[in-house]
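After the sequence you'll find the predicted model.
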Amino acid sequence: MIFVRLTNGFGNNLFQYIAGRLLAEHHKKELVLIPPFKDYYGLNEIIKLGLKFDAIENQIDLSGCELITEKNYLLAYKNNHNQTNLVLEGYFEDYIYYYDHLKKIRTWFPFSAKRENNDLVLHLRTGDRLFYKAHYKSNGEPIIDGTRILKAINHIEFDKLFIVSDLPKFK
């Protein structure tokens, strides 16, 4: 089996789910989701999306499982895990994990009809990542700042810009 330890935050859960499902399909194993706490709200959203998994377990002994983190995730595809259960722990947000699987991943998510307008929606995800030292240069400046975001936006034709964010205030 492939066990996926979900963290708090539905956006995080989507990355975790996709990483787990890709690995489960590759090794032809069942996919089991482990919520961070009983009655976790994110499970309802996963179910609403109709995402495929085999079980949800709140309490499970993972002591005999091999731990898969972001550091060894890609190796988990190469190694033979026929007799081993795997448990994924991490955020799995690196595009490298998914780039070769985008066409398949898109089939897992229901999308509404094609847009009939020319609006741009930017998800400005900030959350706890603002506080990670790795996201800043040695001089204290953030690696990604507003000017780089504006440069990217200026390469896209659109009529209206909508910014979706978890920021309490947008300045």
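That came in fine, so what should we check first?

where's Gly42, which helix or strand?
helix 41-48 (DSSP states H and E).

ok, residues contacting the following helix or strand past that helix?
Using DSSP H and E, the next helix or strand after helix 41-48 towards the C-terminus is strand 55-56. The contact list for strand 55-56 (C-beta atoms under 8 Å, 6 or more residues apart in numbering) reads Glu30, Val32, Leu33, Ile34, Pro35, Leu43. No exception for glycine: its C-beta is placed from N, CA and C like everyone else's.

Next, count neighbours for the third one.
Here the neighbour count serves as a burial measure; for Leu33 (other C-beta atoms under 10 Å) it reads 25.

For it, give the beta-bridge partners.
Residues in a beta bridge with Leu33, per DSSP bridges, are Val4, Ile56.

Would you tell me which helix is longest in this structure?
Using DSSP state H, we find that the single longest helix of the chain is helix 10-27.

Could you tell me the angle between that helix and helix 41-48?
60 degrees (axes from the mean of the first three to the mean of the last three C-alpha atoms, to 10 degrees).

Output the contacting helices and strands for helix 10-27.
In terms of contacts (3 or more C-beta pairs under 8 Å, 6 or more residues apart in numbering; DSSP states H and E), helix 10-27 is packed against strand 2-5, strand 31-34, helix 41-48, helix 75-78, strand 86-88, helix 102-107.

so for the longest one, what's the average pLDDT?
Here the mean pLDDT over helix 41-48 is 88, rounded to a whole number.

Out of the contacts of strand 55-56, which end up buried?
Val32, Leu33, Ile34, Pro35, Leu43 (16 or more other C-beta atoms under 10 Å).

what's the second one in contact with, if anything?
Under the criterion of C-beta under 8 Å, 6+ apart, the contact partners of Leu33 comprise Phe3, Val4, Leu6, Tyr17, Gly20, Leu43, Ile46, Phe53, Ala55, Ile56, Glu57.

ok, the fourth one - contacts?
If I follow you right, that is Tyr17. By C-beta under 8 Å, 6+ apart, the neighbours of Tyr17 are Val4, Leu6, Leu33, Ile46, Leu51, Phe53.
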